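> Return atomic coordinates for the entry below.
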Amino acid sequence: MIHKTILSNFFKLRDCYLIHVRNSALFINGPKATDTFVYITPHVDFPEAIKHKEVIQENLAKRKSNIDLAKVEDLWYMYEDLKIKRNELEKKKMEVGSELSNLLKNNPSDNNIEKLKIQSSLLKENIKKLKVPFWSAEEAAIVEALKLPNVLHPKTPSQKNEVLFTYKTASDNDKDHLKIGKDNNLIQFTNKENYYLKGDAAVFELGAKFYFSKSLKDTGFIQFSNTDFVKSLIIEGCGHDHTDPNHTFIIHHNEDTKVNVDNRLHLTGGGSLFSFFAYYTKNVLHSNALPLKYFSMGRQYNPVDNKDIGLFNVSQSSVISMFIATKNIEECDTILDEIIEVIKNIYSNIGYPYRLSIVTAEKLHMWESLRVSIEMYSTSLKSYFEIGNISVSGDFISKRLMFNYTHEKQNKYPHIISGTILNVPLFLGCVLEQNTEFSIPQEFTVNNWCIKQ
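Below you'll find the model as predicted:
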């Protein structure tokens, strides 16, 4: 029979935790696998990570996370106990089946045959009874383990942002970019979802994208074309809540059919990290292909809670984003330093005041281990404002979405650097507030537009 203590403990845990556990688009098991196609099985290394429990606890404390590690541990150990019990029953069933088969073949009149049949039947029944609690424990443990955030990079500060580099001193005045834009017929707003850049502002947008794309190509980046839509599993795989309409724009079904909340489309834009991983999910490369250095010129779509109208609170933006895949943490850190220098050159050549800062742990997304923020001073907000970023996620997302490379006949996970290095509305808003008289930078003028192959 199934060990009563194991089942007793399991049902206690179920009552405490499983009632509130939602389904996952990333991890699908048991009966759900018959209704939903299983694209991937994420690599969950909780048993290895928990060996360094103090690191996880310190990580959660620095991020000011409310995750209860003890609850995650309890769920995982219960899952492991049930898995061991299931494997023992499966092994015993195979042994009994093998013995029974031999007797039926070699000695069909043996008195032990009936006994073995009864034993085999009991084992099958116990395995069947264990199946549902095992699936429930597995789902609860793995879904909760997937909520644990990325390990922090050693350079991520705990107290306040660390300023890496400052270019010029920003002026402080009372300018508001929205008023300047309207007065000069540069911006027309209907709402956060519907706005237009007009005249020189439209030229600024196109010129900025051409300038940034040419600069990236000159430093070895390859332009990449991405999809605007991704599935729910990509959203969750990248560390976001795929059921939260405040995280992404969710495409709802118009038909009168039952909707699977774990299998929907999301409008993210081709300039998003989601779109890069939509291509590289469950993708295997050879180590010689790394590092990859890609950028995408397109749109980003993000729901905005702020009710204020202005370029700092729009839900769609023209952007240039990058995606870099490296072999290991050492190569990742080396290329990060190189990218920071590339960003310095790109922005310093334009001439506007800006700075680069490393963001504190509590401001990071759960998938980030480090973020370098590209900041400009906003006179309307009276503070520095993030207009772009470079994020290090290591192999965190690669493991969740099974992005692999092979080296010496072993599968390994690339370390990722990504970011939005140009967000036109945010950049333009700060430029309008810093410029005495708005003018298009020389680098953005039409005669400098170039499509480099």
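> contacting residues for Ser232?
If a contact means CB atoms under 8 Å, 6 or more residues apart in numbering, then Ser232 has Ala25, His242, Val261, Asp262, Asn263, Arg264, Leu265, His266 as its contacts. From N, CA and C alone the C-beta is placed, and that goes for glycine too.
> pretty sure Ile127 belongs to a helix, no?
Yes - counting by DSSP: H, G, I helix; E, B strand; the rest coil, Ile127 is part of a helix.
> And for it, the neighbour number?
Each residue near Ile127 was counted by other CB atoms under 10 Å, and the total is 17.
> was I right about it contacting Lys91?
No - Ile127 lies out of contact with Lys91 (CB atoms under 8 Å); the separation is 10.9 Å.
> thinking again about what came up before, what subset of the contacts of Ser232 is buried?
Taking 16 or more other CB atoms under 10 Å as the criterion, what is buried in the contacts of Ser232 is Ala25, His242, Asp262, Asn263, Arg264, Leu265, His266.
> any idea where the helices of the chain begin and end?
Using DSSP state H, the helices found in the chain span residues 4-17, 46-49, 53-63, 69-106, 112-145, 177-183, 200-218, 232-237, 273-280, 329-350, 396-400, 424-434.
> Mind putting those helices into a markdown table with mean pLDDT?
Output for those, formatted as a markdown table (pLDDT from 0 to 100):
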| stretch | mean pLDDT |
| --- | --- |
| helix 4-17 | 49 |
| helix 46-49 | 89 |
| helix 53-63 | 93 |
| helix 69-106 | 87 |
| helix 112-145 | 85 |
| helix 177-183 | 88 |
| helix 200-218 | 93 |
| helix 232-237 | 93 |
| helix 273-280 | 95 |
| helix 329-350 | 96 |
| helix 396-400 | 96 |
| helix 424-434 | 93 |
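> what's the closest of those to Pro157?
helix 53-63 (9.2 Å; CB to CB).
> can you pull the buried residues of that closest one?
Per 16+ other CB under 10 Å, helix 53-63 contains these buried residues: Ile56, Asn59, Leu60, Lys62, Arg63.
> taking the buried ones among the contacts of Ser232 one by one, which sit in strands?
Under the assignment DSSP state E, these contribute Leu265, His266 to strands.
> Out of the buried ones among the contacts of Ser232, which is nearest to Gly310?
His266 (25.2 Å).
> Between the helices of the chain, which one is closest to Asn226.
For Asn226, the closest of the helices of the chain is helix 273-280, at 3.5 Å, according to CB to CB.
> Per the annotation, how does this protein divide into domains?
Residue ranges for the domains of the chain, per automatic domain parsing: 4-145, 162-448.
> so how far is the last one from its chain's centroid?
Relative to the chain's own centre, domain 162-448 is displaced by 13 Å; criterion: CA atoms, centre = their mean, to the nearest Å.
> Please apply the same query to the first one.
Its chain's C-alpha centre and that of domain 4-145 lie 27 Å apart, by CA atoms, centre = their mean.
> center of this protein - which residue?
Centrality entry for the chain: nearest residue to the mean C-alpha point is Cys238, 1.8 Å, by CA atoms, centre = their mean.
> I'd assumed Ser398 was in contact with it.
No - with contact defined as CB under 8 Å, Cys238 does not count as touching Ser398 (10.7 Å).
> contacting residues around the residue of the chain most remote from its centre?
Residue farthest from the centre of the chain, counting by CA atoms, centre = their mean, is Ser109 at 62.9 Å. Not one residue lies near Ser109 by CB under 8 Å, 6+ apart.
> and it, how far is that from Asn102?
14 Å (CB to CB, to the nearest Å).
> do you know how far Gly388 is from Leu422?
6 Å.
> And these two? Which one has more around it.
Legend: neighbour count by other CB under 10 Å for Gly388 and Leu422, higher for Leu422 (30 against 25).
> now the more buried one, nearest residue through space, not along the chain?
Excluding the flanking residues, the one nearest Leu422 by CB to CB, 6 or more residues apart in numbering is Ile320, at 4.2 Å.
> The one you found and Leu432, how far apart?
Counting by CB to CB, the gap from Ile320 to Leu432 is 20 Å.
> How about Lys217?
For Lys217, the distance to Leu432 equals 28 Å [CB to CB].
> Compare those two (neighbour count), which wins?
Leu432 (25 against 16).
> show me what contacts the more buried one?
Counting by CB under 8 Å, 6+ apart, Leu432 has contacts Lys175, His177, Ile180, Gly181, Leu186, Phe438.
> now Tyr377, which residues is it bridged with?
Tyr384 (DSSP bridges).
> Flag the shaky bits of the stretch 251-400 of the chain, pLDDT-wise.
The stretch 251-400 of the chain contains residues with pLDDT under 70 at 253-258.
> if I read this right, His247 contacts Gly239, doesn't it?
No - His247 lies out of contact with Gly239 (CB under 8 Å); the separation is 10.1 Å.
> count of neighbours near the closest residue in space to Ser378 that isn't next to it in sequence?
Distances taken as CB to CB, 6+ apart put Phe385 closest to Ser378, at 4.4 Å, once the chain neighbours are dropped. Phe385 has 18 neighbouring residues, counting by other CB under 10 Å.
> how much space between Phe438 and Phe385?
For Phe438, the distance to Phe385 - CB to CB - is 18 Å.
> can you map out the strands along the stretch 351-453 of the chain?
With DSSP state E, counting those that start in this stretch as the criterion, the stretch 351-453 of the chain has strands at 354-358, 370-378, 383-394, 404-407, 410-412, 415-423.
> and Gly207, which of those is closest to it?
Taking these one by one with CB to CB, strand 415-423 is closest: 11.3 Å.
> helices or strands next to the closest one in the packing?
helix 200-218, strand 292-301, strand 316-326, helix 329-350, strand 370-378, strand 383-394, helix 396-400 (3 or more CB pairs under 8 Å, 6 or more residues apart in numbering; DSSP states H and E).
> Okay, angle between the longest one and strand 383-394 too, please.
Counting by axes from the mean of the first three to the mean of the last three CA atoms, to 10 degrees, helix 329-350 lies at 150 degrees to strand 383-394.
> likewise the fifth one?
Per the same axes, to 10 degrees, the angle that strand 370-378 makes with strand 383-394 is 160 degrees.
> next one: the first one
Using the same axes, to 10 degrees, the inter-axis angle of helix 200-218 relative to strand 383-394 is 30 degrees.
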